[in-house]
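K.L.:
Got a predicted structure plus its sequence, pasted below:
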Amino acid sequence: MPFSQRLREDIQEKKRAALLSVGSALLLLCLKTFLVLRTGSLGVLSEALHSGLDLVAAVITFLSVRVSDQPADERHPYGHGKFENFSAFIETGLLILTACYIIYEAFSRLFFHSVHIQPSLIAFVVLFVALAIDMTRARALTAVARKYRSEALEADALHFSTDVWSTIVVIAGIGLVWAGNTWNLLWLVYADALAALAVAGVILWVSSQLGRRTLDALLDAAPAGLQSEIIGAIGQMDGVLEVERVRVRRAGNRHFVDATVSVPRITSLEQVHLLTDAIEKRIGDIVPADVIVHTEPRAPQGEHLFESIRAVAQRMGLAIHDLSAFQQDGRLFVELHLEVDENLSLRDAHRRATELEEGIQSLRNGNAEVNIHIEPLGRHIATPDTRIGEMHRLELAVEAFLNSLPHDYDELINCHDVRVRQVEHHTLVSCHCIMKSDLPITRIHDVTAALEDRVKERFPQIFRVTIHPEPPEER
């Protein structure tokens, strides 16, 4: 199923759940209002007010779900998820006002004036029907809220869940009043007011929980434990030296994560890009989120001298190769090849080399001698000269010569694919040589360099030789 179609179906499912809550809350309000008129019970009145609040909350939830699922736009680049949090904030205020009224009315009936209550069988029937509706809607809303991480639907489910307990308390209160009327236990008439106080207590408890969560979301408080979990997960990833900062905030059912991590300073831009993609995916496995990763280049602890030199060159935007160093009489000697723009003059190229030399010396507090070979950074794509016959004869001669050298070089097995080209009055040779695969690459490099020198010595007209070494199992 296409992603856009699946997204539309998800939004429709959330809207259906919210709309069914509106219908359920309206039905419950009608039933409980009827009971208030029949019984005069404060407990039932508190339940009716609670259901009225649920109706308002359900309508707000439905509207907030419609708005919060709209895509981000120019005025709301982070989306509309805060509408869900704002609706929960309004519901919290309504809950507190309802609880305050119930407490006021309960104390009034307990200490100042009494109200005659008429329990009846129909009251119990209606309350049990209301209880069944509350339980059904609470379960359905909780399932949808967890599936889509919707705070508005979760708050609505919480309303219906508290209705379950408060309805049970009201049933018990009316039952006690009925028992008092039947067995002439007059003191049980206060059970209804006490039941109303219990309902008010439940409402205040729900208000405190919902209010705290709503305030956290509106103030961009990080969900408990999520920040530490993300830091631990990122810190274990290859290529991450340290997690310097992680910020998490929530808007509706969406999370936004900003992470700052340090990476080795010689890491290439492409490697950093791949690492940030991996970090975003890792965070997405923990919590669906819009993730921004910022990387800081850092020198890893115990960084090798060659890596430090490459970092200096990289910071200057210079390309180097053939880096080597040796120490003699307590002084460090560094040699390397620097590639510069082929159109630079010697003056400009030497200035670049001097800047690099000073940067390398600063790593050793001036206790280093640096020798830099300057060569052009090739950008020009040349066209070979057309001397096919002569080049082919030279190819055969070079290949025969190389294959006569294994008795001088035990590492060499054979050479093949010799190519000779005449490019801008220079004769260039390239070939593949099979060598023993268990030898270290340093030894292989020395042998290929020696072979290249032997070929140029044997064929003075050749300007450059490039040998590609390969193991026999790759042939």
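P.N.:
Everything's here; your move. Predicted, not measured: the structure shown is a model, and the values here were computed from it. Residues are numbered from 1 along each chain as shown.
K.L.:
which parts of stretch 301-319 are buried?
P.N.:
S308, I309, R310, A311, V312, A313, Q314, L318 (16 or more other CB atoms under 10 Å). Every residue, glycine included, has its C-beta placed from N, CA and C.
K.L.:
and that stretch, how far apart are its ends?
P.N.:
24 Å (CA to CA, to the nearest Å).
K.L.:
just how off-centre is it within its chain?
P.N.:
Centroid separation for stretch 301-319 versus its chain: 30 Å, with CA atoms, centre = their mean, to the nearest Å.
K.L.:
same deal with stretch 454-473?
P.N.:
Centre to centre, stretch against its chain (CA atoms, centre = their mean), the figure for stretch 454-473 is 51 Å.
K.L.:
Show residues contacting that stretch.
P.N.:
The contact list for stretch 454-473 (CB atoms under 8 Å, 6 or more residues apart in numbering) reads 394, 397-398, 401-402, 405, 413, 415, 420, 426-437, 444, 447-448, 451-452.
K.L.:
Next step: the residues you listed restricted to strands.
P.N.:
Under the assignment DSSP state E, the contacts of stretch 454-473 contribute 413, 415, 420, 426-435 to strands.
K.L.:
Can you pick out the most distant pair from these?
P.N.:
The largest separation in those, counting by CB to CB, is between I413 and H426 at 29.3 Å.
K.L.:
which one of these two has more residues nearby?
P.N.:
Neighbour count, other CB atoms under 10 Å: between I413 and H426, I413 has more, with 17 against 13.
K.L.:
Excluding covalently adjacent residues, which one is nearest to the more buried one?
P.N.:
Computed as CB to CB, 6 or more residues apart in numbering, the closest residue to I413 that is not its neighbour in sequence is I434, at 4.3 Å.
K.L.:
just checking, that neighbour touches N414?
P.N.:
Yes: between I434 and N414 there is a contact at 5.4 Å, judged by CB atoms under 8 Å.
K.L.:
just the angle between the helix or strand that contains R454 and strand 426-435, please?
P.N.:
Here R454 sits within helix 441-458, counting by DSSP states H and E. Put simply, helix 441-458 runs at 140 degrees to strand 426-435, going by axes from the mean of the first three to the mean of the last three CA atoms, to 10 degrees.
K.L.:
ok, V418 - how many residues close by?
P.N.:
Using other CB under 10 Å, V418 has 23 neighbouring residues.
K.L.:
mind listing what it touches?
P.N.:
Contacts of V418 by CB under 8 Å, 6+ apart are E395, L396, V398, E399, L402, V429, S430, C431.
K.L.:
of all those residues, which comes closest to L97?
P.N.:
Using CB to CB, the contacts of V418 come closest to L97 at S430, 85.5 Å.
K.L.:
how far away is the closest residue to that closest one other than its chain neighbours from R443?
P.N.:
Distance criterion CB to CB, 6+ apart; nearest residue to S430, sequence neighbours excluded, is T466 at 4.5 Å. Distance, T466 to R443, using CB to CB, to the nearest Å: 19 Å.
K.L.:
Kindly report the same for P406.
P.N.:
From P406 to R443 the distance is 15 Å (CB to CB).
K.L.:
Between these two, which is the more surrounded one?
P.N.:
Neighbours were counted for P406 and for R443 using other CB under 10 Å; P406 has more, 15 against 12.
K.L.:
How is the protein partitioned into domains?
P.N.:
Domain assignment for the chain, taken from automatic domain parsing, gives 3-218, 226-298, 305-377, 388-474.
K.L.:
can those domains go into CSV with extra columns for mean pLDDT?
P.N.:
Output for those, formatted as CSV (pLDDT from 0 to 100):
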stretch, mean pLDDT
domain 3-218, 69
domain 226-298, 89
domain 305-377, 88
domain 388-474, 90
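K.L.:
deepest of those, which one?
P.N.:
Each of the domains of the chain was scored by mean neighbour count; the highest is domain 3-218, a mean of 19, by mean count of other CB atoms under 10 Å.
K.L.:
residues in contact with the residue nearest to I413?
P.N.:
Here I434 is in contact with L412, I413, N414, C415, H416, P469, E470, P471, P472, R475 (criterion: CB under 8 Å, 6+ apart).
K.L.:
Specify which member of those is nearest to I231.
P.N.:
Using CB to CB, the contacts of I434 come closest to I231 at P471, 43.4 Å.
K.L.:
and the closest one, what are its phi and psi?
P.N.:
Backbone torsions of P471, given as degrees, to the nearest 10, read phi -80, psi 160.
K.L.:
now the strands for this protein?
P.N.:
Using DSSP E, strands in the chain cover 242-251, 254-264, 289-298, 319-328, 331-341, 368-377, 412-423, 426-435, 462-470.
K.L.:
For the ones you listed, give me TSV that also has distance to K147.
P.N.:
Shown next, in TSV, are the strands of the chain (distance: least, CB to CB, whole Å):
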stretch	distance to K147
strand 242-251	17
strand 254-264	15
strand 289-298	17
strand 319-328	53
strand 331-341	57
strand 368-377	57
strand 412-423	61
strand 426-435	59
strand 462-470	55
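K.L.:
Which pair of the contacts of V418 spans the longest distance?
P.N.:
So, the contacts of V418 by CB to CB: farthest apart are L396 and S430, at 14.9 Å.
K.L.:
D417 versus the residue nearest to S430, what's the distance?
P.N.:
Separation of T466 from D417 (CB to CB): 12 Å.
K.L.:
Report the set of residues contacting both of those two.
P.N.:
Residues touching both T466 and D417 (CB under 8 Å, 6+ apart) are C431.
K.L.:
for C431, what are its contacts?
P.N.:
Taking CB under 8 Å, 6+ apart, we find C431 in contact with V398, E399, L402, C415, H416, D417, V418, R419, V465, T466, I467, H468.
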